[in-house]
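**Student:** coords please:
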Amino acid sequence: MRNKGGINFLTLILVAALVAAAFFVGQFSEKAKDNDPQTVPQAVQEEEGPIVLGQAEFDLIIEGAPATKGDENASITIVEFSEYECPFCKRYVDETYEQIFEEYGDNIYYVFRDYPLPFHNHSQETAEVARCAGDQGSYWPMHDMLFEGRDEWAEETEITSTLTSYAKSLGLDTQAFNSCLSSGKYTQVVKDDLALGDKVGVSGTPSFFVNGVMLVGAQPFESFKALIESELNK
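**Tutor:** Numbering: from 1, shown residues only. Prediction:
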């Protein structure tokens, strides 16, 4: 009786295992079918193309920018939406920014716009700092210094003394610089830049428009090169 009972018990276990296995195989087959490119709707398979601005929108993000470089009649216009605390923006500046000018300088009109991310404590303030330096003809030197020193000040709670030291090292009138900063002269226009970025589809930094074609993130030089060459060959 014990042997017979044991055989019956073992049989029940085997049957249950087979049923479970059949269930999981069926589930796996259905899942594989769901993920088969041939069974997924075409619209889901295709990636969306890049955002391409119309001429009116592209003109809008060029006009009134805090700083520009190059000839406005150059073949290629690059508009960058960026901010100084963003680590990816710093990576772009460290690895790609200068290379663009070294390779295509005479063909580039470069436009910088502020896009201060609200979760970065110093993004608004440093955008205003660069603009206040711009009042004394030093926007781009301050731009470079802020990115170069980003890891020095980004984690600090209070950075006014660091920013003042940057102004001094650039030979600025620090009294006028500090007055500009404390007055909030550029607070609203920086926020207006953020709103403008939102309007044309920017959602993170850095974001670029190369002759109106959007390129997002700290892209390598090759990504810019491909777009620039494409535009130059039109």
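**Student:** quick one, domains of the chain?
**Tutor:** 2-45, 55-232 (automatic domain parsing).
**Student:** out of the ones you listed, which is the most enclosed?
**Tutor:** domain 55-232 (a mean of 17; mean count of other C-beta atoms under 10 Å). (Glycine included, C-beta is placed from N, CA and C.)
**Student:** before we move on, back to that, worst average pLDDT in the domains of the chain?
**Tutor:** Among the domains of the chain, domain 2-45 carries the lowest mean pLDDT, at a mean of 38.
**Student:** just the helices from the protein, written as ranges.
**Tutor:** 2-35, 42-45, 55-62, 87-92, 98-104, 123-134, 139-148, 150-153, 160-169, 174-183, 187-199, 221-232 (DSSP state H).
**Student:** residue 75 is nearest to which of those helices?
**Tutor:** Set against residue 75 and scored by C-beta to C-beta, those come closest in helix 221-232, at 5.9 Å.
**Student:** need the contact partners of that closest one.
**Tutor:** 75-76, 78, 95-96, 99-100, 103-104, 107, 208, 210-211, 213, 215 (C-beta atoms under 8 Å, 6 or more residues apart in numbering).
**Student:** how about 7 Å then?
**Tutor:** 75-76, 96, 99-100, 104, 107, 210-211, 213, 215 (C-beta atoms under 7 Å, 6 or more residues apart in numbering).
**Student:** what are the bridge partners for the residue lying closest to residue 50 once chain neighbours are set aside, then?
**Tutor:** Leaving aside its chain neighbours, residue 50 sits nearest to residue 214 (4.9 Å; criterion: C-beta to C-beta, 6 or more residues apart in numbering). Here residue 214 sits in beta bridges with residue 209, going by DSSP bridges.
**Student:** show me what contacts residue 214?
**Tutor:** By C-beta under 7 Å, 6+ apart, the neighbours of residue 214 are 50-51, 201, 207.
**Student:** if we go to 8 Å?
**Tutor:** Contacts of residue 214 (C-beta under 8 Å, 6+ apart): 50-53, 201, 207-208.
**Student:** what's the closest of these to residue 170?
**Tutor:** For these, the closest approach to residue 170 (C-beta to C-beta) belongs to residue 208, at 26.4 Å.
**Student:** show me the contacts of residue 214 that map onto strands.
**Tutor:** 207-208 (DSSP state E).
**Student:** which pair of the contacts of residue 214 spans the longest distance?
**Tutor:** Longest span within these, C-beta to C-beta: 52 and 207, 13.5 Å.
**Student:** might you report the residue contacts of residue 96?
**Tutor:** 218-221, 224 are the contacts of residue 96 under C-beta under 8 Å, 6+ apart.
**Student:** with residue 91 instead?
**Tutor:** Neighbours of residue 91 in contact, by C-beta under 8 Å, 6+ apart: residue 218.
**Student:** how near is it to residue 82?
**Tutor:** In this view, residue 91 and residue 82 are 11 Å apart by C-beta to C-beta, to the nearest Å.
**Student:** do residue 173 as well
**Tutor:** Counting by C-beta to C-beta - residue 173 and residue 82 are separated by 26 Å.
**Student:** do residue 216 as well
**Tutor:** 12 Å.
**Student:** among the contacts of residue 96, which one sits closest to residue 67?
**Tutor:** Residue 67 lies nearest to residue 224 out of those, by C-beta to C-beta, at 18.9 Å.
**Student:** select, out of the helices of the chain, the one closest to residue 68.
**Tutor:** helix 55-62 (8.1 Å).
**Student:** could I get the CA-only coordinates of that closest one as PDB?
**Tutor:** Taking Å, rounded to 0.1, in the frame of the first residue of the first chain, the C-alpha atoms of helix 55-62 are listed here in PDB:
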ATOM      1  CA  GLN A  55      11.500  79.800 -39.900                       C
ATOM      2  CA  ALA A  56       9.400  82.100 -37.700                       C
ATOM      3  CA  GLU A  57      10.100  80.000 -34.600                       C
ATOM      4  CA  PHE A  58      13.800  79.700 -35.400                       C
ATOM      5  CA  ASP A  59      14.000  83.500 -35.800                       C
ATOM      6  CA  LEU A  60      12.300  83.900 -32.500                       C
ATOM      7  CA  ILE A  61      14.900  81.900 -30.600                       C
ATOM      8  CA  ILE A  62      17.700  83.800 -32.200                       C
END
